[in-house]
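Asker: Quick one, what's the 3D model for this:
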Amino acid sequence: MNSRRSTLQFVVATAILGSLGIFATQARLDARTIVFYRCLFGAIAMGIYCLFLGHFRALPKQDFFLTFGTGFLMVGNWVFFFEGILRIGVSVATIVYQVQPFIVLVAGAFLFQERLGLTKVLFFLAALFGLILATGLKWNMIDVGSLLGVGFVLLGATLYAGVVLVGKGLKSVKPEIVTFVQCAVGVLTLPIVDPAILHTSIELRQWGWLSGLGVIHTALVYALIYHALPKLKSSAIAILTFIYPASAIFFDFIVNGKLLVPVQFLGLVIIVLSSVGITLGRELPRFSAARAKLWSSPPVTHEDSGVPLPNSIMPRKHTKAASD
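Answerer: Take a look at the predicted model:
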């Protein structure tokens, strides 16, 4: 029963999160202003949630600095992701972002000398091919704005890869507190980067979209997912996570009338299958046991290397997987 309830919570949360890009585009503001108000309302809502549950307590110095560091990375991730959405649209930006697990793998290989193995390299190359198809860019007449949008989304995904890698050292800090600190970092730093944010005129209808990004897509959705994650298996999370891009594509079609062409859908499928293969630690069947042992590293879980938890939710460590 607990596993089913957690699955339902995760499905509902990721389906809701699919409307994130719609809220961002409907706000009709620049990316930095959108992220500032997402952080503001998110910090208020998540702060009330943490206060109600008694999560606030003194953090060790190292944990505090690590948490603060993830704040800069996460805020940058949000800014660049929204910059991408404003340039290439909700569906394409969301699909491009799904290559994030592979960025974590490559970063882990370079920074921590983690062996990728031949199978993971092939999955990575397949995902890159899927990415090329999913962007829908016509390479014989490249649109600079679209190319820039793809670059912004990839930069955002790279920053989130940093969040995942740094977050490995935050095992003793509740993820709700991490999210609160990340939002607080955005509130404190974005007006310094762009002082015009505080002087931007906000209309009444825009407040609804902006508050929704903080209260619904940050505090509510993150709380639901954090509550569900410890009770779900990594295999279930790897599959259910892709409700997010499917939901984003659905909302983009309903609100904006935009629908991906078949080639872009094919790219999405390739990225999804490659990501699931990486997450579940699949190996090429023709390998002998001895050769597989030589090439392979331990299966990658959502905690270690990044199932792209819907737009950038801190992975949560847990010790007991839910039973079926």
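
Asker: low-confidence ranges in this structure?
Answerer: The chain contains residues with pLDDT under 70 at 1-2, 114, 137-142, 279-324.

Asker: list the helices and strands the longest helix belonging to it packs on?
Answerer: For the chain, the helix with the greatest residue count under DSSP state H is helix 61-88. Counting contacts by 3 or more CB pairs under 8 Å, 6 or more residues apart in numbering; DSSP states H and E, helix 61-88 packs against helix 20-26, helix 31-53, helix 90-97, helix 144-167, helix 175-193. The way it works is simple: take the backbone N, C-alpha and C, and place the C-beta from them, glycine included.

Asker: could I get the ones you listed as a markdown table with mean neighbour count?
Answerer: A markdown table is the format used below for the helices and strands packed on helix 61-88 (neighbours: other CB atoms under 10 Å):
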| stretch | mean neighbour count |
| --- | --- |
| helix 20-26 | 22 |
| helix 31-53 | 21 |
| helix 90-97 | 27 |
| helix 144-167 | 21 |
| helix 175-193 | 21 |
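
Asker: Looking at those helices, which is nearest to Leu116?
Answerer: helix 144-167 (14.5 Å; CB to CB).

Asker: can you give me the angle that closest one makes with helix 175-193?
Answerer: 130 degrees (axes from the mean of the first three to the mean of the last three CA atoms, to 10 degrees).

Asker: so can I have CSV of the helices and strands packed on helix 61-88 showing distance to Ala126?
Answerer: Output for the helices and strands packed on helix 61-88, formatted as CSV (distance: least, CB to CB, whole Å):
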stretch, distance to Ala126
helix 20-26, 25
helix 31-53, 30
helix 90-97, 15
helix 144-167, 17
helix 175-193, 31
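
Asker: between those, which gets nearest to Asn77?
Answerer: Comparing the helices and strands packed on helix 61-88 by CB to CB, helix 144-167 comes nearest, at 4.1 Å.

Asker: so how far is that closest one from its chain's centroid?
Answerer: 10 Å (CA atoms, centre = their mean, to the nearest Å).

Asker: Also stretch 241-251?
Answerer: On CA atoms, centre = their mean, the centre of stretch 241-251 falls 12 Å from the chain's centre.

Asker: got the buried residues for the longest helix of the chain?
Answerer: 63, 66-67, 69-88 (16 or more other CB atoms under 10 Å).

Asker: quick one, that helix and helix 31-53 angle?
Answerer: 140 degrees.

Asker: End to end on stretch 231-245, go ahead and measure it.
Answerer: Start-to-end span of stretch 231-245 (CA to CA, to the nearest Å) is 23 Å.
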